[in-house]
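S.K.: what shape does this take:
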Amino acid sequence: MNAEISYNKRSPIGELLLLLIMIFLAYVNTFHASWHLDDISNIVHNQNVHVSSLTFEDWAKSLRAPFSDPTEKSFDLYRPVAMLTFALNWYFGGTNVFGYHLINITIHCATAIFLFFTCSELLKAPNLKGRFQGHEYMVAFLAAALWALHPIQTQAVTYIVQRMASLAALFYIAGIYAFIKGRTSHAIGPKISLYGLSLFVFLLAMGSKQNAVTLPIALLLIELVFHSDFEFFRNGKGLWIIAAICTAFMILMCLIVYLYSDSLSANILTGYERRPFSMYERFITQFRVLCLYLFQIIYPIPQQFSIIHAIQFSTSLTSPWTTLPSMLGIGLLVVLSLGYMNRFRLLSFAGLFFFLGHSVESSILPLELVFEHRNYLPTLFIYLPVAAGIQSMLNQYRQRNAVIYYFLSAFAALLVVGFGFSTYSRNMVWASEKTLWQDALNKAPSLARPHQALAMALENEGRFNEAIFLYQKALTLDAPEPQYSRFNSLGNIGNILKKLKNYKEAVAYLTAATKIESGPYANRVRYNLALCLLNTGQEKKALEELKILISKEPRNPRYLTAKGFVLLQQGMADAALNNFRMALNRIPNDPNTLVCIGMALNAQGAFQRADWYLNLAKDNAPRNHVIHFCLLQNAIAMHDDKRIDKYLSDLSDLYSMPQLIAFLKESVRGIHFIREMFVPIDDTVILPYMNQYWEGIADRL
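M.R.: Predicted structure coming up:
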């Protein structure tokens, strides 16, 4: 007995160090994994988290940082704690993914440590009657290691933006630990402080991701399973704890509804408009999804995991036939967990906590059907009964049968190592968009989405023909949102053809896409269509498309500048200038708009003012050849030999004559410029001066 007490008091530093080393080894190949999916909109293109100074305004902006128009002010908080951490990463490292992965892995390690200490505290609970006395750390270590090294967690750790899920889980488990320590503290001061800390980290968890709202119910579950003798329902013992938790939970829920009533109603009531399934269909499908998650947890080989799963949504209790059995199976597990709570406390707690953790995202909310990162929080205690069972058998066979004892020890070690190896293997898939979606395509070849995503990755590598083939293949495959999928493929094929300067064929694809979809992506496709129409000489049709875009987004600077260019081409310099100036008000010092203003002034004969705007554009984009061409053309129109010589000299300092000739050959009714805009340059005006200047240089040499 004394030895056991001594064991309880020893430091767990050895277990913790081993746990951290194993996590590091499992995730060591992720530090340079690329950006993926929502990383782009939430971080890379989200101006609200692009903090470059230490001003309060910059940091406050990151707290309300949804991936919306950065020029529009937002006063809604959007997972402010998580977004603030992204802003910190951006401030210190910009787009370098190393820092983001370092923080994500650190969060994962911290969560595992809190899980270790929480499990060790739960194993000392009165209702377990000292069953694991002297072995709490070993059980807690095995439970935390199996959770932390399970490959199902890779999506929450390696997928950068899912820091929202992992950070929420960190604060969630920290809140549980603080509550347990407060629950077992005898001094009133520490008890109040620990309960206050639990409430504080609960708010931090909610500020990371809203699925943390279940924490008060989790605390109540812990009270029931580990501390209640079930007599308190009759004699009132412990009722004040339940009442306090439920009251705090109701107050919080009312506060959330009050603060986010508009967005909640919009998300729930109208969120299904873009989904191919109804609220009822999503709800009954989630029972099959939960069965999928449980299978992945029990059989965690890399082949079971993917960024996308080919799961058909349920349309009724019998379609597909697995719907009703899944509902009955999940219901039975919940009933058994409740019914045997007093007998199999750890097993019941793990099961009920798992379903509680999924109660938000596997409900009526109009979310995607399946994402593996949603298991990060619900699986926190899933391996606690497994670890406890292994330890119990080890204790049983330690003296009785050495062969079985060593076999069980080897099994536990191999289980941990196997999980770690599976996680390391799964993390290799996250190396790039191409590897991620090639893996998804191999596992779900009948779905359109992995074909489209892999096509986009190939497009970014310049492998346009392969990308077009995949987009065309996607047009023939199943998709959860058929119309949007078709729009996506048509629009992206059109965009690639535009890059290849096959404008005529691009117009056909982009036109077909605009007839399908509406919204911001349709606006992007329509904008590309307008540019392609310009390149095929269809200025009138291009102007019609731009007017449609401006009617939807009247202050969009790209649309205003494009419209101004068309008007300038049509000889309406005054109207063009109005559009350019409105665009410049939205993005001051934008070189694209500045050079357009300069050329509009040139068309009006205001050469001095044109020169001023063009030089300002050059200051913002000093190496852009188009700006130098414009400066030269304007100087020629001014008959200013001094300026002509200066701008020719600037060009010769930056580029060779063959390079400049190649630039001019890119011209199709203008020159391709910043953000796919065009500037009218007459090469018949500037080319003779360029030839003469270079001939003079050759003669001097």
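S.K.: and the residue nearest to residue 173 when sequence neighbours are not counted, how many neighbours?
M.R.: Of all residues not flanking residue 173 in the chain, residue 114 sits nearest, at 4.5 Å (Cβ to Cβ, 6 or more residues apart in numbering). In this view, the C-beta of every residue, glycine as well, is placed from N, C-alpha and C. Other residues near residue 114 number 23, with proximity taken as other Cβ atoms under 10 Å.
S.K.: residue 114 and residue 468: what is the separation?
M.R.: Separation of residue 114 from residue 468 (Cβ to Cβ, to the nearest Å): 49 Å.
S.K.: kindly report the same for residue 128.
M.R.: Taking Cβ to Cβ, one finds residue 128 at 62 Å from residue 468.
S.K.: between these two, which is the more surrounded one?
M.R.: Neighbour totals were compared for residue 128 and residue 468, and residue 468 leads with 20 against 17 (other Cβ under 10 Å).
S.K.: what strand or helix carries the more buried one?
M.R.: For residue 468, the host element (DSSP states H and E) is helix 464-474.
S.K.: what about the very next helix or strand once past that helix, average pLDDT?
M.R.: Per DSSP H and E, the first helix or strand lying C-terminal to helix 464-474 is helix 482-499. The average pLDDT within helix 482-499 is 91.
S.K.: and whatever helix or strand comes next after helix 482-499, what does it pack onto?
M.R.: Sequence order places helix 503-514 as the next helix or strand after helix 482-499, per DSSP H and E. In this structure, helix 503-514 makes packing contacts with helix 482-499, helix 520-535, judged by 3 or more Cβ pairs under 8 Å, 6 or more residues apart in numbering; DSSP states H and E.
S.K.: would CSV of those with distance to residue 105 and mean neighbour count be doable?
M.R.: Formatted as CSV, those follow (distance: least, Cβ to Cβ, whole Å; neighbours: other Cβ atoms under 10 Å):
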stretch, distance to residue 105, mean neighbour count
helix 482-499, 33, 21
helix 520-535, 33, 21
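S.K.: can you list the ones you listed in CSV and add distance to residue 19?
M.R.: Shown next, in CSV, are the helices and strands packed on helix 503-514 (distance: least, Cβ to Cβ, whole Å):
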stretch, distance to residue 19
helix 482-499, 43
helix 520-535, 44
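S.K.: please name whichever of those helices is nearest to residue 475.
M.R.: helix 482-499 (5.0 Å; Cβ to Cβ).
S.K.: tilt between the closest one and helix 520-535?
M.R.: 30 degrees (axes from the mean of the first three to the mean of the last three Cα atoms, to 10 degrees).
S.K.: hmm, back to that, distance check, the residue nearest to residue 173 against residue 132.
M.R.: From residue 114 to residue 132 the distance is 19 Å (Cβ to Cβ).
S.K.: mind checking the longest helix of the protein?
M.R.: Ordering each helix of the chain by length in residues (DSSP state H) puts helix 402-429 first.
S.K.: could you list the buried residues of that helix?
M.R.: Within helix 402-429, the residues scored as buried using 16 or more other Cβ atoms under 10 Å are 405, 408, 412, 415-416, 419-427, 429.
S.K.: got phi/psi on residue 382?
M.R.: phi -60, psi -30 (degrees, to the nearest 10).
S.K.: so what's the nearest residue to it once chain neighbours are set aside up against?
M.R.: Spatial nearest neighbour of residue 382, excluding adjacent residues (Cβ to Cβ, 6+ apart): residue 350 at 5.3 Å. By Cβ atoms under 8 Å, 6 or more residues apart in numbering, residue 350 lies in contact with 381-385.
S.K.: average pLDDT across stretch 22-29?
M.R.: 97.
S.K.: who are the packing partners of whichever helix or strand comes after the longest helix of the chain?
M.R.: Going down the chain from helix 402-429, the next helix or strand is helix 433-443, by DSSP H and E. Other elements packing on helix 433-443 under the criterion 3+ Cβ pairs under 8 Å, 6+ apart are helix 402-429, helix 448-460.
S.K.: so helix 433-443 versus helix 448-460, what angle?
M.R.: Between helix 433-443 and helix 448-460, the angle comes out at 150 degrees (the same axes, to 10 degrees).
S.K.: and stretch 190-206, C-alpha only, in PDB?
M.R.: Extracted C-alpha coordinates of stretch 190-206, given in PDB (Å, rounded to 0.1, in the frame of the first residue of the first chain):
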ATOM      1  CA  PRO A 190      -8.900  27.600  -4.800                       C
ATOM      2  CA  LYS A 191     -12.300  26.000  -5.500                       C
ATOM      3  CA  ILE A 192     -13.800  29.300  -6.600                       C
ATOM      4  CA  SER A 193     -10.600  30.200  -8.600                       C
ATOM      5  CA  LEU A 194     -10.600  26.800 -10.400                       C
ATOM      6  CA  TYR A 195     -14.300  27.100 -11.200                       C
ATOM      7  CA  GLY A 196     -13.700  30.600 -12.600                       C
ATOM      8  CA  LEU A 197     -10.800  29.300 -14.700                       C
ATOM      9  CA  SER A 198     -13.100  26.600 -16.100                       C
ATOM     10  CA  LEU A 199     -15.600  29.300 -17.100                       C
ATOM     11  CA  PHE A 200     -12.900  31.400 -18.600                       C
ATOM     12  CA  VAL A 201     -11.400  28.700 -20.800                       C
ATOM     13  CA  PHE A 202     -15.000  27.700 -21.800                       C
ATOM     14  CA  LEU A 203     -15.400  31.200 -23.300                       C
ATOM     15  CA  LEU A 204     -12.100  30.800 -25.100                       C
ATOM     16  CA  ALA A 205     -13.200  27.500 -26.400                       C
ATOM     17  CA  MET A 206     -16.400  29.100 -27.700                       C
END
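S.K.: so which of the buried residues of helix 402-429 is the closest to residue 218?
M.R.: The nearest one, if we look at the buried residues of helix 402-429 relative to residue 218 and count by Cβ to Cβ, is residue 419, at 24.4 Å.
S.K.: look up how far residue 300 lies from that closest one.
M.R.: The gap separating residue 419 from residue 300 is 6 Å, by Cβ to Cβ.
S.K.: residue 210 too?
M.R.: 27 Å.
S.K.: now do the SS call for residue 34.
M.R.: Here residue 34 is recorded as coil under DSSP: H, G, I helix; E, B strand; the rest coil.
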